[in-house]
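Peer 1: generate a structure from the sequence data that follows.
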Amino acid sequence: MEKSLKERFLLAIGVLLFLIYLFFGLIIIFWKELPLNMAPNYRLALGVVLIVYSFLRFFRFFNKD
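Peer 2: A predicted model of the protein is given here:
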């Protein structure tokens, strides 16, 4: 079954947002010169939270009824 233009657009936006959150989480964890005045433990925690949130969005997006 083919998807409508609206469904394809929403699919592209959903995948794009997943990749953005995943990318930001990885940047916060691995980029040491990032201009954030945070302790390393808090940076790791924020990065992990963003990565987990990206996967939650991904699974919730594709497990719709």
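
Peer 1: so what's the most centrally placed residue in the chain up against?
Peer 2: The centroid of the chain falls nearest to residue 21 when counting by Cα atoms, centre = their mean (2.3 Å). By Cβ atoms under 8 Å, 6 or more residues apart in numbering, residue 21 lies in contact with 50, 51, 53, 54, 57. All C-beta atoms are positioned from the backbone trio N, CA, C, and that covers glycine.

Peer 1: name the element the residue lying closest to the last one once chain neighbours are set aside belongs to?
Peer 2: Nearest residue to residue 57 in three dimensions, chain neighbours excluded: residue 18, at 5.8 Å (Cβ to Cβ, 6 or more residues apart in numbering). Following DSSP states H and E, one finds residue 18 within helix 5-30.

Peer 1: list the helices and strands the helix or strand following that helix packs on?
Peer 2: Remark: after helix 5-30, the chain's next helix or strand is helix 40-62, criterion DSSP H and E. In terms of contacts (3 or more Cβ pairs under 8 Å, 6 or more residues apart in numbering; DSSP states H and E), helix 40-62 is packed against helix 5-30.
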